[in-house]
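Engineer: structure, please.
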Amino acid sequence: MPFSFRVEHTDGHARAGSMDTPHGRVPTPAFMPVATQGSVKAVAPDDLTEIGTTIVLSNTYHLMLRPGARFVHDMGGLHSFMGWQGPILTDSGGFQTLSLGRLSSLSENGVTFRSHVDGSEHFLSPELAVEYQELLGVDIAMVLDHCPPFGADESALREAVDRTRRWALRCREAHRLDEQALFAVVQGGVSRELRLESAEALVAMEFDGYAVGGLTVGEPKELTYETVSLMGDTLPADKPRYLMGAGSPEDLVTCIGLGMDMFDCSLPTRVARNGGLFTPDGRVNVNSAPYRDRDGPIDDGCDCYACASFSAAYLHHLFRAKELLAYRLASVHNLRFVMRLMEEARTAIVDGRYASFRDAFLARYRTTDEYVRREQKEKWLRRR
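Structural biologist: As a prediction, the model looks like this:
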């Protein structure tokens, strides 16, 4: 089945639609759990199915390093290799130009990486990024892009926008797998002028979908939302719009209302492994004293395996005892929370009440302090 997308309902700027791929249909809005190396950390494929996952994201750069794209191809492709038969999108490796900046150098030809695994040198061009993603056999491939850091000056942003445009054209010309969709990535930081210029150039090339890259990298949320709103007004209405790297519940709910259809982030599983669990009232820390003897689930309204089967006190015990089951149960809970959020958002759009749904959610959900959030993001990027 070739790739296709259609918008089925709108409510303001919010959209409910469907993507058809060779490995199944994806209702939108959709969140993609991050399976960087062909695995969502601590979570098995049957867990993903049980919590309602419709599509996952893997990473070309990491799979290129190990076990190798050709190896995965020879093992039957990424779907067979990782035991996941639903749709897969692969990031091209463009984000690693930012997150692994100290280990990479850019030229017009591509990116040279010093492997974070063994120090070996690897080169990734736009053509190789496409070739590797075709070998992996994924449903949606991303063009190789240049992702600048927040705070980059005008000349650096201009360089990233121009290089991303040239690399996108090279990816488009190299792409041969008809059943595989190819998405472009709009760059430009928080510059209105550069974002519009980048979008206009990429839309003219007629890709299957468009991602908004270079956000959620440490900038203030108001600038994120301003840029997302601009892209919701600018990118084609008949193509999927993918906000890269967004995973906090408040960002998801807000950006669906700004016209975005797809999201990915490691945040839900990353904070889960540290005991941070999502609830309708905000993120809580199950390691903390109030949960030591709580004889009830983390979230009474949650239908995930962890909440249906175990008390908060048990999860508290698992984390304190450093039992590995803690990571699975917490990750399943957070991912199910996000999947239910996608389902509820879609229903609200179809029913024509998205604004009231969004406002009610945001009024109740306590967000992480903005300063703390940005500090945590910067620490995470430095560790990468």
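Engineer: neighbours of the nearest residue to residue 250 once chain neighbours are set aside, how many?
Structural biologist: Among residues not flanking residue 250 along the chain, residue 367 sits closest, at 5.0 Å (CB to CB, 6 or more residues apart in numbering). Every residue, glycine included, has its C-beta placed from N, CA and C. By the criterion of other CB atoms under 10 Å, residue 367 has 14 neighbours.
Engineer: same check on residue 8?
Structural biologist: 13.
Engineer: now do residue 130
Structural biologist: 26.
Engineer: which of the helices or strands spans it?
Structural biologist: Per DSSP states H and E: residue 130 is located in helix 126-136.
Engineer: mean confidence (pLDDT) on that helix, please.
Structural biologist: Throughout helix 126-136, pLDDT has a mean value of 98.
Engineer: contacts for the next helix-or-strand element following that helix?
Structural biologist: Where DSSP H and E defines the elements, the next helix or strand beyond helix 126-136 is strand 140-142. Strand 140-142 has contacts (CB atoms under 8 Å, 6 or more residues apart in numbering) with 3, 21, 60, 87-92, 94, 129-130, 133-134, 175, 177, 180-183, 185, 208-209, 211.
Engineer: switch to 7 Å and redo it
Structural biologist: Here strand 140-142 makes contact (CB atoms under 7 Å, 6 or more residues apart in numbering) with 89, 90, 91, 92, 130, 133, 180, 181, 182, 183, 185, 211.
Engineer: partners of it, with directions?
Structural biologist: In the sheet, strand 140-142 lines up against strand 88-91 (parallel), strand 181-186 (parallel) (DSSP bridges).
Engineer: need those in JSON lines with mean pLDDT, can you?
Structural biologist: JSON lines is the format used below for the strands paired with strand 140-142 (pLDDT from 0 to 100):
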{"stretch": "strand 88-91", "mean pLDDT": "98"}
{"stretch": "strand 181-186", "mean pLDDT": "98"}
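Engineer: can you lay out the ones you listed as a markdown table showing mean neighbour count?
Structural biologist: Shown next, in a markdown table, are the strands paired with strand 140-142 (neighbours: other CB atoms under 10 Å):
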| stretch | mean neighbour count |
| --- | --- |
| strand 88-91 | 27 |
| strand 181-186 | 28 |
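Engineer: run through the bridge partners of residue 283.
Structural biologist: For residue 283, the beta-bridge partners under DSSP bridges are residue 278.
Engineer: burial of it, as a residue count?
Structural biologist: Counted with other CB under 10 Å, the neighbours of residue 283 add up to 20.
Engineer: what do you get for residue 76?
Structural biologist: Per other CB under 10 Å, the neighbour tally for residue 76 reads 10.
Engineer: check residue 305 too.
Structural biologist: Neighbour count for residue 305, taken as other CB under 10 Å: 16.
Engineer: roughly how far apart are the nearest residue to it once chain neighbours are set aside and residue 113?
Structural biologist: Leaving aside its chain neighbours, residue 305 sits nearest to residue 332 (5.6 Å; criterion: CB to CB, 6+ apart). Using CB to CB, to the nearest Å, we find residue 332 at a distance of 33 Å from residue 113.
Engineer: make a markdown table out of the strands paired with strand 140-142 and add distance to residue 272.
Structural biologist: What follows is these, written out as a markdown table (distance: least, CB to CB, whole Å):
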| stretch | distance to residue 272 |
| --- | --- |
| strand 88-91 | 21 |
| strand 181-186 | 28 |
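Engineer: which of those sits closest to residue 10?
Structural biologist: Among the strands paired with strand 140-142, strand 181-186 comes nearest to residue 10, with 21.2 Å by CB to CB.
Engineer: now do the closest one against helix 126-136, angle only.
Structural biologist: 140 degrees (axes from the mean of the first three to the mean of the last three CA atoms, to 10 degrees).
Engineer: got the contact list for strand 181-186?
Structural biologist: With CB under 7 Å, 6+ apart as the test, strand 181-186 has contacts from 3, 94, 139-143, 145, 164, 168, 171-172, 175, 195, 198-199, 202, 205, 207-213, 231, 242.
Engineer: in a strand, residue 105, correct?
Structural biologist: Yes - counting by DSSP: H, G, I helix; E, B strand; the rest coil, residue 105 is found in a strand.
Engineer: chain neighbours aside, what residue packs nearest to it?
Structural biologist: residue 112 (5.1 Å).
Engineer: pull out the buried residues from the strand or helix carrying that neighbour.
Structural biologist: Per DSSP H and E, residue 112 falls inside strand 111-114. Neighbour-count burial for strand 111-114 flags 111, 113 (criterion: 16 or more other CB atoms under 10 Å).
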